[in-house]
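Enquirer: Return a 3D structure for these sequence lines:
(2 chains)
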Amino acid sequence: TSNQNTSVMDKNGAPAGGSGLFHVNNGQTPSRFHGPVVVAANGGANSSSYDGMHHLHRGEDTECNGSPAKRCRLRRRTESVRRHRPPFPWFGMDIGGTLVKLVYFEPVDITAEEEQEEVENLKSIRRYLTSNVAYGKTGVRDVHLELRNMTMCGRTGNLHFIRFPTQAMPRFIQMGRDKNFSSLHTTLCATGGGAYKFENEFRMMADLELLKLDELDCLIRGLLFVDRMGFNGHPECYYFQNPSDTQSCVKKPCTLDNPFPMLLVNIGSGVSILAVYSENNYKRVTGTSLGGGTFLGLCCLLTGCETFEEALEMASKGDSTNVDKLVKDIYGGDYERFGLQGSAVASSFGHMMSKEKRDSISKEDLARATLVTITNNIGSIARMCAVNERIERVVFVGNFLRINTVSTKLLAYAMDFWSKGQLRALFLEHEGYFGAVGALMELLKPTDDL
Amino acid sequence: MAECVGVDSNTSGHSMDKSITLPPDEIFRNLENAKRFAIDIGGSLTKLAYYSTVQHKVAKVRSFDTTAKAPNDKLYEISVQEEVTARLHFIKFENAYIETCLDFIKDHLVNTETKVIKATGGGAHKFKELIEKKLGLNVDKEDEMTCLIKGCNFVLKNIPHEAFVYARHADSEFRFQTANPDIFPYLLVNIGSGVSIVKVESEDQFERIGGSSIGGGTFWGLGALLTKTKRFDELLQLASKGQHTNVDMLVKDIYGGSYGCLGLTGDLIASSFGKSATADKEFSKEDMAKSLLHMISNDIGQLACLYAKLHNLSRVYFGGFFIRGHPVTMHTITYSINFFTKGEVQALFLRHEGYLGAIGAFLKGAEEDNPNQYSWGENYAGSSGLMSVSPDMNPMQRARSGTFDMLEMDRLERQLVNLPLLQDPSSYIPDTVDLTEDALARDYWLYCFEDALDGVVKRAVASQPDIPEAVVRAEKFRQKYRHKLLTLRHQPFAYGSLTVRSLLDTREHCLNEFNFPDPYSKIKQRENDMALKHYQRTVESLDALSWEDRQFALVSGVLAGNVFDWGAKAVSDVLESDPGFGFEQCALFFVDNSGVDIILGVMPFVRELLSRGTEVVLASNSGPALNDVTNGELQILTERIAAMDPVLQAGLQEDRLTLVQSGSSSPCLDLSRLDKVLAMVVRERQTDLVIIEGMGRAIHTNYYATLSCESLKMAVIKNSWLADRLGGKLFSVVFKYEVPLGKVHHNGATLMLS
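Expert: Coordinates of the predicted model:
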């Protein structure tokens, strides 16, 4: 969405910065919850809940041997968690302009007793989701992104990442009705614009009440969570070493140990750019309407392709310099007066002003030029924002970057080159799923009612 | 990352058109003496610049030898002389005509010693050989950006009302900016095929701080692919008819409404072309073109804002072929800038944006003539004005119409500067009523000028009784001026804000163009003769009056020598309300008419001031305008009066009475463009009173001008409509005495009496 917003948001009123990266819940649990939910914390009572969860996963029970009183409180809380844990299934959903992102927590620690008690409905959902990698014509499970054997809310399980086009939303809601989803008494936590747009359909068609969540809150919360969790023992984050050299440019893992401040560039259908100072303290700096939707929309019009995958496939084979006019096409070489390299793009699609060139161009070239144009533009705006906000770390996320190394490398190069090495572009493996993860976390949000 | 100005010209798809014949009277004027050529060849338009000298008839006055009393006892003789003035010509035409134009120039170029033509623009290299072959001149290429900036500085400095804000749905689409004497620093966003963002800090200092590859070429290239429409103008036409919401994904398409907590309204574009990511739907050309236009304009606007913010600049000018006077793109860019800066930065456009490169290239070539040390003025008679070609005209028709757009700038004999006594030069607006904004007033004045045209033509013919072809010239003048009035009726913004002053000045320019340098010269001469005969008697009778009566009589005398039954007490009350009045160090007096006004009105007033010990600087026009007294005439008149009046004689001898020229040839007065010498004298003499006299100078202009010293504005309202507007009657008298805030206990007073 193209807009500028400079107001600093701090929804929970938590102080910016500070040692706790994850907020300590202050009792603002929405009333629509079926009961108080507390996440297991095996750490000291003072440590924040998600931190504890994180530690549990890594087996780092360093704070476990506290005082008897502490241990007692801990035991009480664990019991409380069990009692107030939301019923399965656990979903988090992000309904964007183009894609719906769904995360599903599959418990793997189900006891025989539980298995027996589990209603057939729930079982079938679990089996359907986990035994397939494709759903209907357009639903896909990104198996390679699955987070295995993680613990959430005291339960161990696998986190699955599923996506399908927003256009299929009516069918999805229909399915929810057919499977009698509402009988499961679960809360469907949803974010993204679609949470608002489809709220009524969910209610009317499937008797489901959505818990609507702000997409930027969810994005940041989910991102920080997944980064802390790691990617099945590997870092979630990566960057490109030697971004300016196509030969030696390599992907390198890294950690977001001290992530703030960061400029977060979320490239979905459109682009939002946030300056993030802490989990709860961020502002939307600006946005642009030239995003992933523009790339795909233009590609469809220009090449007749139908999917993002098709468009990217074509782009990977094309040459944008047949379409774009470069500095050297105009000046014969570098434009030294202004330090512009001859290889820089002077005018995107500039060659297409000529009929002869229009007639001789391939679809692949057009797809590549569209990709390069959109990517460079995002890079350019992000860089200006980083300079204006005085932030050196620029994190790019969003589904536009999925299977899109052309863009990630180009962004890495653009950040490095135009800032003369001052800015670093960072990327995350779960590109477009953080909003959905953030929504799931809202479902599992701890409360303080002990 | 972007090309500077032009587009590669092979894209325009024009073929050479040799079939047109050029009207030599109207374009490429004064080619015979042309020297110093420059050419800027863009993607579709060529801009040619040359410097030429223009021979004009000017009326000169010369004093008769006073010792040998002339039998006809006239004061002075009038002679019409040829004067040579310098003029810059700029002509803009479609590239298709370039060959015809070069041939034409070759045929008409007579005495030039020029060997070189300066060239800039993307098409310069393509036409290099053609130009060299046709004209026999060496093409010397100049850097586009340097030319552009030079040209931009030149127009911002020399053309008042050059920059404007565009507001499509306002009463007047164009809101012209008052010329700020301090033009630096500013940001120039040039949208050619790509975008260059340049920060300009001084005459010679500028830096390309950024750019974007998404520019006019992207609109054109991508638009051509999407809509199969070849021409840029046609694409814009398509866009102006389209609905972008059919192609773009809006916030409400995603949210079902607005995204409230971020303040994003539902109608905002969330994703450009976001709805076209489907194979099942057809999209109309118009809708796609519109979506593309929005996408590109918003993107450029956003980047411009980011750079303006980073460099803390608030003046942002937009130019390049993407803008070039197209209302659609000016509107979308303006919208985008408003949106991204929340109204803090205004998008500014330039009236002569299309000429910047050519002007700059010309200036590069003319550096040895040092054109920047002169002041230049737009010649309204020879310039086409903004939107000389209606943008609504079908692009195909327009290409065939052979329209030539022109700009002519006269080198002014005097360098013009601000009056040092202006309270705030950056907010000074000379004109009292902006006719661009005020439709009622516009209709009235346009009617008035049209109505008066017959009289002016008659007067012009009468002023040259011995020249039979004067009738023909006068008729040409009539056609020219009538055409200007007609243009201004439809395009009041053509030459900046339309004002009574600009209407008067345009008329003077047109008269000059057809060699009617001073239609009033004989009338003025006669009236001066007559009035002079009464001078001594007038002075004597004034001297016989009491102080109070004399002050009143003096003021009434100034008011065109008419006798009014007006409240004498009121005037003296005003004068006496400030005990300091009449004890000024030095008074600057902008005078008005010849004859009774200057001789029996102003001179006795001056005499009174001198005898009180106040120095007087009399400022009169440099050149003729209506029956206004010129500096040349006033010199002779003053000498004559001094010969019979010891007070004035002493004043002249002791250098307490000084005559200066205003630098203007207008019946109105622009205090921001005055002769440099005048400004110097004003400063040296520590002038602390400014008197402005007459309708043109004190009512049509400067009625609201605030000065840093005491000021007195006096005029008789000789126009019933205006009298009505100002709340008085015909022949009301305006007597406006103002003291700057903080200088004295009260704020002056305005009298309007019938």
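Enquirer: Now residue A:301. Nearest residue, chain neighbours left out?
Expert: residue B:276 (5.2 Å; Cβ to Cβ, 6 or more residues apart in numbering or on different chains). Every residue, glycine included, has its C-beta placed from N, CA and C.
Enquirer: Against residue B:528, how distant is the one you found?
Expert: 77 Å (Cβ to Cβ, to the nearest Å).
Enquirer: same deal with residue A:118?
Expert: In this structure, residue A:118 and residue B:528 are 114 Å apart, going by Cβ to Cβ.
Enquirer: neighbour-wise, which of the two wins?
Expert: Using other Cβ atoms under 10 Å in any protein chain shown as the criterion, residue A:118 and residue B:528 rank with residue B:528 on top: 25 against 14.
Enquirer: Read off the pLDDT value for residue 72.
Expert: You didn't say which chain, so I picked chain A. Note for residue A:72: predicted pLDDT of 71.
Enquirer: let's do chain B instead
Expert: At residue B:72, pLDDT is 55.
Enquirer: in the stretch 51-200 of chain B, what residue is nearest chain A?
Expert: At 3.7 Å from chain A, residue B:193 is the closest residue in the stretch 51-200 of chain B, using Cβ to the nearest Cβ.
Enquirer: quick one, what contacts residue A:99?
Expert: Shown in contact with residue A:99 (Cβ atoms under 8 Å, 6 or more residues apart in numbering or on different chains): A:163-166, A:268, A:399, A:432.
Enquirer: ok, now residue A:373?
Expert: A:320, A:324, A:345, A:348-349, B:213-214, B:218 are the contacts of residue A:373 under Cβ under 8 Å, 6+ apart.
Enquirer: Check the offset of the longest strand seen in chain A from the chain's centre.
Expert: Longest strand in chain A, counting residues (DSSP state E): strand A:155-165. Its chain's C-alpha centre and that of strand A:155-165 lie 13 Å apart, by Cα atoms, centre = their mean, to the nearest Å.
Enquirer: before we move on, the earlier item: among the contacts of residue A:99, who's most crowded?
Expert: Using other Cβ under 10 Å as the neighbour criterion, residue A:268 leads these with 31 neighbours.
Enquirer: Report the separation between that residue and chain B.
Expert: In this view, residue A:268 and chain B are 8 Å apart by Cβ to the nearest Cβ, to the nearest Å.
Enquirer: quick one: contacts for that residue?
Expert: Contact analysis of residue A:268 by Cβ under 8 Å, 6+ apart lists A:96-99, A:291-293, A:398-400, A:432, B:271.
Enquirer: The same query, at a cut-off of 10 Å, please.
Expert: Residue A:268 makes contact with A:1, A:94, A:96-99, A:101, A:192-193, A:215, A:219, A:291-293, A:397-400, A:431-432, A:435, B:254, B:270-271, B:274, according to Cβ atoms under 10 Å, 6 or more residues apart in numbering or on different chains.
Enquirer: Tell me what residue B:349 is bridged to.
Expert: As for beta bridges, residue B:349 partners with residue B:164, residue B:318 under DSSP bridges.
Enquirer: shouldn't it be in contact with residue B:337?
Expert: No. Using Cβ atoms under 10 Å, residue B:349 is not in contact with residue B:337; the gap is 11.1 Å.
Enquirer: so the closest residue to chain A within the stretch 101-250 of chain B is in which element?
Expert: Across the stretch 101-250 of chain B, the shortest distance to chain A (Cβ to the nearest Cβ) belongs to residue B:221, at 3.0 Å. Using DSSP states H and E, the secondary-structure element containing residue B:221 is helix B:216-227.
Enquirer: Where does residue B:505 fall, secondary structure wise?
Expert: helix B:500-513.
Enquirer: For that helix, name the packing helices and strands.
Expert: strand B:45-63, strand B:376-378, strand B:405-411, helix B:439-462, helix B:470-490 (3 or more Cβ pairs under 10 Å, 6 or more residues apart in numbering or on different chains; DSSP states H and E).
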